[in-house]
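Turn this into a model:
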Amino acid sequence: MLTSARNHFVGQIAEIKTGAVSDEITLRTRGGLDIIAMITRGSANSLGLARGTDAFALVKASSVILLVDFDSSKVSARNCIAGTVSSVTKGSVNAEVSITAPGGAQIVAIVTNDSVERLGLAAGKSATAIFKASSVIIGIE
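Numbering: from 1, shown residues only. Take a look at the predicted model:
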């Protein structure tokens, strides 16, 4: 499958918390990273999601926020992935920042060049990528 989403995580459904309107889906990647998604109950049903189902999660790079010196207990976003900056590619206004999480998962964010400078983002530096569960798209092959 080809998509324009820069962040593509492959794994299995580890948990489903069913709600009246929306379900909270936990996708566990092959590297052991948990990605939390909030999708409608109807979508979960039409995909046939159940524990153990092979699935993937997509997150647009523009939905990822980067932080340094971060305490994940003080933010409402469900997905907080700490790692190391592996690359920074600057454009005229924005930069593409790649973070490698423990286990090898790559998370890409698009942020302004000003944010790169202000946060001191550079290869080898620690950073945390965060994104809301509602920004995650779940799919199956």
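
Please enumerate the helices of this structure.
Ranges of helices in the chain, per DSSP state H, are 41-47, 113-119.

Export the ones you listed to CSV and append columns for distance to Ile99.
Where you see a C-beta, it was placed from the backbone N, CA and C, and this is true even at glycine. Shown next, in CSV, are these (distance: least, C-beta to C-beta, whole Å):
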stretch, distance to Ile99
helix 41-47, 28
helix 113-119, 12
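
Look up the pLDDT of the closest residue to Glu15 other than its chain neighbours for me, please.
Leaving aside its sequence neighbours, Glu15 sits nearest to Thr26 (C-beta to C-beta, 6 or more residues apart in numbering; 4.1 Å). Looking at Thr26, its pLDDT reads 98.

Also the one 5 residues further on?
At Gly31, the predicted lDDT confidence score is 90.

quick one on the thing from earlier: tell me how many other residues crowd the residue nearest to Glu15.
19 (other C-beta atoms under 10 Å).

Just confirm it contacts Gly11, I think it does.
No: counting by C-beta atoms under 8 Å, Thr26 stays clear of Gly11, with 9.5 Å between them.

Name the residues contacting each of these two.
Shared contacts of Thr26 and Gly11 (C-beta atoms under 8 Å, 6 or more residues apart in numbering): Ile35.

could you pull out the strands for the protein?
Assigned strands in the chain, in chain order: 7-17, 22-29, 34-40, 54-59, 65-67, 79-90, 94-100, 106-112, 126-131, 137-139 (criterion: DSSP state E).

Just the C-alphas of the third one, formatted as PDB.
It refers to strand 34-40. What follows is strand 34-40, C-alpha atoms only, in PDB (Å, rounded to 0.1, in the frame of the first residue of the first chain):
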ATOM      1  CA  ASP A  34       2.000   1.000  21.100                       C
ATOM      2  CA  ILE A  35       0.000   3.500  18.900                       C
ATOM      3  CA  ILE A  36      -3.300   4.600  20.300                       C
ATOM      4  CA  ALA A  37      -6.100   5.500  17.900                       C
ATOM      5  CA  MET A  38      -9.600   6.800  18.500                       C
ATOM      6  CA  ILE A  39     -12.000   5.700  15.700                       C
ATOM      7  CA  THR A  40     -15.700   5.500  15.300                       C
END
